[in-house]
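> okay, sequence plus prediction incoming.
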Amino acid sequence: MEEKYPMAIRYWLMKCEPAAYTIDDLDRDGRASWEGVRNYQARNFMRDGMQVGDKVLFYASNADPSGVTGLAEVVRAGYPDHTAWTAGHEYFDEGSSADAPRWFMVDIGFVARFAATIPLETLKKTPGLEDMMVIQKGSRLSVQPVTRAEYEIVRTLGSAVP
DNA sequence: GCCAACGTTGGC
DNA sequence: GCCAACGTTGGC
(Lines give C-alpha, C1' and ligand atoms only; values in the text may rest on other atoms or scores of the structure.)
Protein backbone atom coordinates (compact mmCIF):
# COMPACT_ATOMS: atom_id res chain seq x y z
CA MET A 1 0.00 0.00 0.00
CA GLU A 2 2.96 2.30 0.57
CA GLU A 3 3.62 2.61 -3.17
CA LYS A 4 0.10 2.51 -4.42
CA TYR A 5 -1.15 5.23 -2.13
CA PRO A 6 0.90 8.41 -1.74
CA MET A 7 1.95 9.66 1.68
CA ALA A 8 -1.07 11.88 1.88
CA ILE A 9 -4.00 9.80 0.74
CA ARG A 10 -6.59 12.05 -0.78
CA TYR A 11 -9.34 9.63 -1.74
CA TRP A 12 -11.41 7.26 0.34
CA LEU A 13 -14.43 5.02 0.28
CA MET A 14 -16.74 4.93 3.29
CA LYS A 15 -19.42 2.31 3.80
CA CYS A 16 -22.71 2.72 5.56
CA GLU A 17 -25.87 0.70 5.63
CA PRO A 18 -28.92 2.60 4.36
CA ALA A 19 -30.78 1.69 7.53
CA ALA A 20 -28.23 3.77 9.41
CA TYR A 21 -27.47 6.67 7.05
CA THR A 22 -27.76 7.45 3.36
CA ILE A 23 -26.42 10.00 0.89
CA ASP A 24 -29.86 11.63 1.02
CA ASP A 25 -29.50 12.01 4.77
CA LEU A 26 -26.13 13.65 4.19
CA ASP A 27 -27.67 15.92 1.56
CA ARG A 28 -30.31 16.95 4.06
CA ASP A 29 -27.88 17.41 6.95
CA GLY A 30 -25.03 18.95 4.98
CA ARG A 31 -22.48 17.24 7.17
CA ALA A 32 -22.24 14.31 9.53
CA SER A 33 -19.88 12.94 12.14
CA TRP A 34 -18.82 9.38 11.38
CA GLU A 35 -19.07 7.93 14.86
CA GLY A 36 -19.31 4.30 15.83
CA VAL A 37 -16.51 2.77 13.77
CA ARG A 38 -15.03 0.03 15.95
CA ASN A 39 -12.37 -1.46 13.75
CA TYR A 40 -8.71 -0.66 14.26
CA GLN A 41 -7.73 -0.46 10.62
CA ALA A 42 -10.57 1.92 9.84
CA ARG A 43 -9.76 3.83 13.03
CA ASN A 44 -6.17 4.28 11.90
CA PHE A 45 -7.24 5.68 8.56
CA MET A 46 -9.55 8.21 10.22
CA ARG A 47 -7.09 9.12 12.97
CA ASP A 48 -3.90 9.27 10.93
CA GLY A 49 -4.84 9.55 7.30
CA MET A 50 -7.92 11.58 6.55
CA GLN A 51 -7.46 15.31 6.12
CA VAL A 52 -9.83 18.16 5.44
CA GLY A 53 -10.57 18.30 1.74
CA ASP A 54 -10.04 14.62 1.06
CA LYS A 55 -12.59 13.16 -1.35
CA VAL A 56 -14.93 10.36 -0.34
CA LEU A 57 -16.94 7.81 -2.29
CA PHE A 58 -20.11 7.21 -0.29
CA TYR A 59 -20.94 3.49 -0.41
CA ALA A 60 -24.20 1.87 0.63
CA SER A 61 -23.66 -1.63 1.97
CA ASN A 62 -26.33 -4.24 2.61
CA ALA A 63 -28.42 -2.32 0.12
CA ASP A 64 -30.39 -3.19 -2.99
CA PRO A 65 -28.19 -2.88 -4.84
CA SER A 66 -25.12 -2.17 -2.78
CA GLY A 67 -22.85 0.39 -4.38
CA VAL A 68 -21.61 3.95 -4.52
CA THR A 69 -24.46 6.41 -4.10
CA GLY A 70 -22.63 9.72 -4.14
CA LEU A 71 -19.70 11.86 -3.15
CA ALA A 72 -18.63 13.47 0.07
CA GLU A 73 -15.54 15.18 1.44
CA VAL A 74 -13.76 15.33 4.74
CA VAL A 75 -14.64 18.54 6.58
CA ARG A 76 -13.01 17.70 9.90
CA ALA A 77 -9.94 15.51 10.36
CA GLY A 78 -9.76 12.70 12.89
CA TYR A 79 -10.82 13.42 16.46
CA PRO A 80 -11.82 11.21 19.40
CA ASP A 81 -15.15 9.42 19.13
CA HIS A 82 -16.82 10.51 22.34
CA THR A 83 -19.73 8.11 21.88
CA ALA A 84 -17.40 5.43 23.25
CA TRP A 85 -17.33 7.18 26.65
CA THR A 86 -20.98 7.07 27.59
CA ALA A 87 -22.05 3.95 29.48
CA GLY A 88 -25.16 2.54 27.92
CA HIS A 89 -24.56 4.18 24.55
CA GLU A 90 -24.68 1.73 21.69
CA TYR A 91 -21.08 2.58 20.82
CA PHE A 92 -19.83 2.53 24.41
CA ASP A 93 -16.41 0.95 24.97
CA GLU A 94 -15.13 0.84 28.51
CA GLY A 95 -11.61 0.66 27.14
CA SER A 96 -11.84 4.19 25.76
CA SER A 97 -11.74 7.42 27.75
CA ALA A 98 -11.30 11.14 27.18
CA ASP A 99 -7.75 10.82 28.53
CA ALA A 100 -6.93 7.82 26.35
CA PRO A 101 -9.36 7.70 23.44
CA ARG A 102 -9.36 4.40 21.62
CA TRP A 103 -11.72 5.31 18.76
CA PHE A 104 -11.69 8.21 16.35
CA MET A 105 -14.04 9.69 13.80
CA VAL A 106 -14.11 12.35 11.11
CA ASP A 107 -16.80 14.67 9.84
CA ILE A 108 -17.84 14.51 6.21
CA GLY A 109 -19.78 16.98 4.12
CA PHE A 110 -22.19 16.44 1.25
CA VAL A 111 -20.80 16.88 -2.26
CA ALA A 112 -23.09 15.11 -4.70
CA ARG A 113 -25.76 12.48 -4.96
CA PHE A 114 -25.60 10.13 -7.94
CA ALA A 115 -28.81 9.90 -9.96
CA ALA A 116 -28.55 6.15 -9.48
CA THR A 117 -26.40 3.85 -7.41
CA ILE A 118 -23.26 2.55 -9.12
CA PRO A 119 -23.71 -1.10 -8.15
CA LEU A 120 -20.91 -3.24 -6.83
CA GLU A 121 -21.43 -5.46 -9.86
CA THR A 122 -20.64 -2.53 -12.15
CA LEU A 123 -17.54 -1.66 -10.18
CA LYS A 124 -16.35 -5.23 -10.61
CA LYS A 125 -16.79 -5.02 -14.37
CA THR A 126 -15.24 -1.60 -14.91
CA PRO A 127 -11.71 -1.53 -16.31
CA GLY A 128 -9.32 0.24 -13.98
CA LEU A 129 -11.10 -0.77 -10.80
CA GLU A 130 -9.72 -4.31 -10.60
CA ASP A 131 -7.64 -3.54 -7.52
CA MET A 132 -10.26 -1.59 -5.58
CA MET A 133 -10.50 -2.92 -2.08
CA VAL A 134 -14.28 -2.92 -2.01
CA ILE A 135 -14.61 -5.37 -4.88
CA GLN A 136 -12.30 -7.96 -3.33
CA LYS A 137 -14.04 -10.98 -1.92
CA GLY A 138 -14.46 -10.80 1.82
CA SER A 139 -13.55 -7.13 1.98
CA ARG A 140 -15.21 -5.76 5.10
CA LEU A 141 -13.25 -2.64 5.87
CA SER A 142 -15.67 0.26 6.25
CA VAL A 143 -13.13 3.01 5.63
CA GLN A 144 -10.80 2.31 2.74
CA PRO A 145 -8.27 4.27 0.71
CA VAL A 146 -8.84 4.47 -3.04
CA THR A 147 -6.48 5.81 -5.67
CA ARG A 148 -7.08 9.05 -7.49
CA ALA A 149 -7.63 7.09 -10.70
CA GLU A 150 -10.22 4.85 -9.06
CA TYR A 151 -12.01 7.82 -7.56
CA GLU A 152 -12.16 9.61 -10.91
CA ILE A 153 -13.48 6.53 -12.70
CA VAL A 154 -16.29 6.08 -10.19
CA ARG A 155 -17.09 9.79 -10.15
CA THR A 156 -17.39 9.71 -13.92
CA LEU A 157 -19.65 6.65 -13.78
CA GLY A 158 -21.88 8.53 -11.35
CA SER A 159 -22.03 11.63 -13.53
CA ALA A 160 -22.87 9.58 -16.61
CA VAL A 161 -26.00 8.11 -15.08
CA PRO A 162 -29.05 9.71 -16.70
C1' DG B 1 -32.16 -15.86 5.73
C1' DC B 2 -27.84 -18.11 4.54
C1' DC B 3 -23.21 -18.38 5.02
C1' DA B 4 -18.27 -17.23 3.89
C1' DA B 5 -14.84 -14.25 5.35
C1' DC B 6 -12.99 -11.70 8.70
C1' DG B 7 -11.71 -9.58 13.41
C1' DT B 8 -11.54 -10.23 18.30
C1' DT B 9 -11.32 -12.74 22.51
C1' DG B 10 -9.67 -15.82 25.77
C1' DG B 11 -7.94 -20.41 27.31
C1' DC B 12 -3.89 -22.68 27.39
C1' DG C 1 1.96 -16.88 20.90
C1' DC C 2 -1.22 -20.22 19.09
C1' DC C 3 -5.70 -21.15 17.73
C1' DA C 4 -10.61 -22.42 18.51
C1' DA C 5 -14.75 -20.22 19.47
C1' DC C 6 -17.48 -16.57 18.84
C1' DG C 7 -19.58 -12.32 16.96
C1' DT C 8 -20.00 -9.34 12.97
C1' DT C 9 -20.04 -7.90 8.18
C1' DG C 10 -22.09 -7.90 4.00
C1' DG C 11 -22.97 -10.12 -0.61
C1' DC C 12 -26.22 -12.90 -2.43
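Okay, I see it. A quick note: this is a predicted structure, and the numbers were derived from the prediction, not measured.

> can you check the pLDDT for the residue in chain A positioned nearest to DNA strand B?
Scanning chain A for the residue nearest DNA strand B gives residue A:138, at 2.1 Å (criterion: CB to the nearest atom of the strand). C-beta: built from backbone N, CA, C; applies to glycine. Predicted confidence (pLDDT) for residue A:138: 91.

> show me what contacts it?
For residue A:138, no contacting residues are found, by CB atoms under 8 Å, 6 or more residues apart in numbering.

> for it, helix, strand, or coil?
The three-state assignment at residue A:138 reads coil, by DSSP: H, G, I helix; E, B strand; the rest coil.

> how much space between it and residue A:157?
Applying CB to CB, to the nearest Å, the value for residue A:138 to residue A:157 is 24 Å.

> same question, residue A:98
42 Å.

> and if you look at residue A:91?
Taken as CB to CB, the span from residue A:91 to residue A:157 is 33 Å.

> what residues does chain A put near DNA strand C?
Proximity of chain A to DNA strand C, by CB under 7 Å from any atom of the strand, involves residues A:15, A:17, A:38, A:61-63, A:66, A:120-121, A:134, A:139-142.

> narrow the residues you listed to those in strands?
Those of these mapping onto strands are residue A:15, per DSSP state E.

> tell me the contacts of the residue in chain A positioned nearest to DNA strand C?
Per CB to the nearest atom of the strand, residue A:66 is where chain A lies closest to DNA strand C, at 3.5 Å. By CB under 8 Å, 6+ apart, the contact list for residue A:66 reads A:59-60, A:117, A:119-120.

> any idea which of the residues you listed is the one closest to residue A:23?
Comparing the contacts of residue A:66 against residue A:23 with CB to CB places residue A:60 closest, at 7.5 Å.

> hang on, that closest one packs against residue A:117?
Yes: if you go by CB atoms under 8 Å, residue A:60 and residue A:117 touch, sitting 6.6 Å apart.

> what is in contact with these two at once?
Joint contacts of residue A:60 and residue A:117 (CB under 8 Å, 6+ apart) are A:66-69.
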